[in-house]
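# Need the 3D shape of this:
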Amino acid sequence: MALTAQEIEALMPDCTELLSDEPEMESSLHYTQLLILVTCLEWLWRDREDFFIGANLSIYYSRQQLKNRDFRGPDFFLVKDTQKRPRLSWVIWEEDGKYPNVIIELLSDSTAKVDKGLKKQLYQNQFRTPEYFWFSPNTLELVGWRLTDSEYKIIPVSENGWYWSQELGLYLGIWGNRLRYFTVAGRLVLTPEEANLEEIRKAEAEKQRAEAEKQRAEAEKQRAEAEKQRAEAEKQKAETEKQRAETEKQRAEAEKQRAETEKQRAETEKQRAETEKERANKLAEYLRSLGVDPDSVVN
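As a prediction, the model looks like this:
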């Protein structure tokens, strides 16, 4: 069983702070992976002050460990419900007996056997760490364990190969050949750089959307103006057509009046001719009554 904080403190030498005693990461691939795990969680929890993340940092928990120096600290560990501040190592008896809530080891050819054996037993039996994961940046092997009935049992894997971490409230899964966090909704937890790029992309997309909206509004304005001009032209055309029809009506009316006048003139001329004929007939009748041949008078 794990020792209590008081028992641990009684066993420990008098010291205010112990330096971490961890070797360098095995490769740049391991370093990059560790950096991703740290920065993503720090960024996601940037508004919180109740956790500590250890990266390649020693955990001191017993006098025998200090004497033998036979154990190196985890590559990554998370302690919840503690003060968020810099530390040179994690010293159990100076942290109210708190052990990590989550540990992640990055496997390598030189450490895989220890990570899967000795360390797994230590985290299970001594640390009582609720969740333990190991991941190989080289082979992409990922396995998650959860402490159940005092024993690590493998965490069921999701359909897409992710492991749910109750302690993190996040999934752990592989994306782009890296171990990454995913939200319960399945969204990738971004690094600060990715988040900044995402903001830039969003800002650019918003700028393009605003520009497109501006162009659309301008096109709509031009269309409305063209429609207005078309309507005005249509109105002018209708007005012209109206005026032409009015002119045509007036011309037809004038033509009608002219025809009426011509008719009246013809009628008058007919009446005049009729009158003239009647007058000539009367004259001829009168001449004949006088014994004069009208034809001889005319000739």
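
# From residue 265, how far off is residue 100?
The gap separating residue 100 from residue 265 is 125 Å, by CB to CB, to the nearest Å. Any C-beta I mention is one placed from the backbone N, CA and C, and that applies to glycine too.

# And residue 203, by the same measure?
From residue 203 to residue 265 the distance is 90 Å (CB to CB).

# roughly how far is stretch 138-152 from the heart of the chain?
In terms of CA atoms, centre = their mean, to the nearest Å, the centre of stretch 138-152 is found 36 Å from the chain centre.

# so residue 171 makes contact with residue 158?
Yes: Residue 171 is within contact range of residue 158, at 7.0 Å (criterion: CB atoms under 8 Å).

# what do these two both touch?
Common contacts of residue 171 and residue 158 (CB atoms under 8 Å, 6 or more residues apart in numbering): residue 164.

# the more surrounded of these two?
residue 171 (23 against 13; other CB atoms under 10 Å).

# In three-state terms, how would that one be classified?
Classification of residue 171 using DSSP: H, G, I helix; E, B strand; the rest coil returns strand.

# Comparing residue 100 and residue 265, which residue is more hemmed in?
Taking other CB under 10 Å, residue 100 and residue 265 do not tie; residue 100 has more neighbours (27 against 10).

# Tell me the spacing between the nearest residue to that one once chain neighbours are set aside and residue 182.
With sequence-adjacent residues excluded and distances taken as CB to CB, 6 or more residues apart in numbering, residue 100 is closest to residue 77, at 3.8 Å. Distance, residue 77 to residue 182, using CB to CB: 20 Å.

# List the buried residues of stretch 289-299.
When burial is assessed from 16 or more other CB atoms under 10 Å, stretch 289-299 yields the following buried residues: residue 294.

# so how far is that stretch off the chain centroid?
In terms of CA atoms, centre = their mean, the centre of stretch 289-299 is found 121 Å from the chain centre.

# At which residues are the helices of this structure located?
For the chain, the helices defined by DSSP state H occupy 5-11, 28-44, 63-68, 112-116, 118-122, 192-289, 294-298.

# JSON lines for those, including distance to residue 53 and mean pLDDT?
Shown next, in JSON lines, are the helices of the chain (distance: least, CB to CB, whole Å; pLDDT from 0 to 100):
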{"stretch": "helix 5-11", "distance to residue 53": "21", "mean pLDDT": "47"}
{"stretch": "helix 28-44", "distance to residue 53": "6", "mean pLDDT": "96"}
{"stretch": "helix 63-68", "distance to residue 53": "21", "mean pLDDT": "65"}
{"stretch": "helix 112-116", "distance to residue 53": "19", "mean pLDDT": "93"}
{"stretch": "helix 118-122", "distance to residue 53": "18", "mean pLDDT": "94"}
{"stretch": "helix 192-289", "distance to residue 53": "14", "mean pLDDT": "88"}
{"stretch": "helix 294-298", "distance to residue 53": "144", "mean pLDDT": "74"}
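
# quick one, which of those helices is nearest to residue 148?
Closest approach to residue 148 among those is made by helix 118-122 (14.2 Å; CB to CB).
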